[in-house]
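Asker: have a look; sequence and predicted model below, questions after that.
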Amino acid sequence: MKFVDEFRSRDYSRLLVEKLQNRSGDKINIMEVCGTHTMAIFRYGIRDVLPANVTLISGPGCPVCVTPQSYIDTALDLSSREDVILATFGDMMKVPGRKSSLLKKKAEGSDIRLVYSPMDCLTIAADNPTKKIVFLAVGFETTAPMTAVTAIEAREKGLSNLFFFTAHKIVPPVMEALVTDKELNLDGFLLPGNVSAIIGTEPYEFLSKDFNIPGVVTGFEPVDILQGLYTLISLIGKKDYSIANDYKRIVRTSGNSEAKEYMNKAFNVVDSNWRGIGKVPKSGLEFNCDFEEFDALKHFKISYEEYDGSSGCRCGEILKGKINPTQCPLFKQACTPENPIGSCMVSSEGTCAAYFRYYK
């Protein structure tokens with residue numbers, strides 16, 4: 001299959017591993033920002049073939065993981081209303097709130113429906129005119145454009161019973177929060193190909209200009225990741241602080257102009273709370289005044305106070321890359337994919353889920 005098979009080539013992967021093994025030297029700390037990268041790196045055994053001086057650190061690249069616990073509790077409250085149908089992606093179902101989860105609420109009788117796209121909510125709203133449909137709009141720049149498009153479509157179709165509980169976040173601002181954290185001592189970033197397909201490479205230029213840290217945008221197949229790491233390690237070795245694009249078959253410098261136009265039409269950029277990290281300036285999206293009719297918090301007049309945490313869970317430190325999951329006392333003990341204590345164990349992109357499945 002074009003653009004898949006060639007990026008899973010065993011021969012070329014072996015060549016890249018040999019080239020990486022020849023890049024030994026000073027200690028290098030690299031953070032992969034994207035949870036999909038984290039899972040792929042474990043799946044393909046890439047950590048095991050890197051030179052000993054290279055350490056990969058998993059960052060806050062899972063949107064479900066960085067959503068505060070208070071968001072889940074508010075969603076649970078909404079699901080308890082008889083006039084509400086809650087729509088969500090599947091990876092939100094097991095995320096624990098203080099007392100329950102969406103999966104448990106559904107088992108108890110709440111009308112909670114899994115969707116594959118926010119556009120599915122248009123049909124649900126049209127078929128249930130006496131109900132209020134609330135979509136849990138969680139995700140980075142990859143999914144935010146579809147939330148905007150769905151709101152625009154709902155207005156055109158005259159659907160007044162569809163609302164969105166938004167927790168969309170923007171990736172580059174949280175990276176600034178990470179590079180200014182002196183405990184991490186990062187030397188470079190493996191940048192997310194999916195987010196970059198929307199925003200392009202330009203929003204990462206501040207890493208180079210302001211912090212002398214290089215980054216490489218790459219995809220998710222074995223050759224993509226190995227090539228991206230080789231490029232990044234080479235840049236670090238040459239003290240070249242460029243932002244490189246090794247995913248040119250998908251990513252353009254300026255990104256996807258149409259997707260960005262939809263986001264700009266529907267959303268304002270606002271400060272946002274990230275689980276374990278706190279409030280990050282200009283890192284979130286909320287509906288602007290032209291689209292506030294779709295804002296679930298405003299419609300239901302909910303006073304939303306953000307908070308984090310499950311007792312004993314060290315998900316916050318894991319999301320910052322300060323510890324790995326094996327250093328959390330709950331990992332593989334009280335906290336498993338079947339009984340997750342923290343959000344990092346729930347999502348298929350979560351660091352704890354990756355360690356649970358692949359780490360030996």
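Answerer: Alright, I've got the coordinates. Quick caveat, the model's predicted, so the values are computed rather than measured. Numbers count the residues shown, from 1 in each chain.

Asker: from here on, contacts and neighbour counts on C-alpha atoms
Answerer: Will do.

Asker: and stretch 216-225, end to end?
Answerer: 10 Å (C-alpha to C-alpha, to the nearest Å).

Asker: same question but for stretch 17-26, I mixed them up
Answerer: Per C-alpha to C-alpha, stretch 17-26 runs 18 Å from first to last residue.

Asker: quick one, strands of this structure?
Answerer: Using DSSP state E, the strands of the chain run over residues 28-32, 54-58, 84-88, 112-114, 132-139, 162-168, 188-192, 215-218, 243-245, 267-274, 278-287.

Asker: which helices and strands does the second one pack with?
Answerer: Read that as strand 54-58. Contact analysis of strand 54-58 by 3 or more C-alpha pairs under 8 Å, 6 or more residues apart in numbering; DSSP states H and E lists strand 28-32 as its packing neighbours.

Asker: one more: the longest one?
Answerer: Packing partners of strand 278-287 (3+ C-alpha pairs under 8 Å, 6+ apart): strand 162-168, helix 171-179, strand 267-274.

Asker: same question for the fifth one.
Answerer: The contact analysis (3+ C-alpha pairs under 8 Å, 6+ apart) places strand 132-139 against helix 63-66, strand 84-88, helix 120-127, strand 162-168.

Asker: the first one too?
Answerer: Other elements packing on strand 28-32 under the criterion 3+ C-alpha pairs under 8 Å, 6+ apart are strand 54-58, strand 188-192.

Asker: one step back: just say which of the strands of the chain is most tucked in.
Answerer: strand 215-218 (a mean of 30; mean count of other C-alpha atoms under 10 Å).

Asker: low-confidence stretches in the stretch 251-360 of the chain?
Answerer: 309-310 (pLDDT under 70).

Asker: helices of that one, residue ranges please.
Answerer: 257-266, 296-299, 315-319, 351-358 (DSSP state H, counting those that start in this stretch).

Asker: would you mind getting the angle between the first one and strand 278-287?
Answerer: Angular relation of helix 257-266 and strand 278-287 on a 0 to 180 degree scale: 90 degrees, by axes from the mean of the first three to the mean of the last three C-alpha atoms, to 10 degrees.

Asker: with distance to P203 as added columns, please give the strands of the chain in a markdown table.
Answerer: Output for these, formatted as a markdown table (distance: least, C-alpha to C-alpha, whole Å):
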| stretch | distance to P203 |
| --- | --- |
| strand 28-32 | 17 |
| strand 54-58 | 21 |
| strand 84-88 | 29 |
| strand 112-114 | 33 |
| strand 132-139 | 18 |
| strand 162-168 | 17 |
| strand 188-192 | 11 |
| strand 215-218 | 11 |
| strand 243-245 | 10 |
| strand 267-274 | 14 |
| strand 278-287 | 12 |
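
Asker: nearest to F42, out of those strands?
Answerer: Each of those has some distance to F42 by C-alpha to C-alpha; the shortest is strand 54-58, at 10.8 Å.

Asker: what's the angle between that closest one and strand 28-32?
Answerer: 30 degrees.

Asker: what's the closest non-adjacent residue to L191?
Answerer: Spatially, and ignoring its direct neighbours in sequence, L191 is nearest to V217 (4.4 Å; C-alpha to C-alpha, 6 or more residues apart in numbering).

Asker: likewise P203?
Answerer: Nearest one to P203, counting by C-alpha to C-alpha, 6+ apart, is P172 at 6.6 Å.
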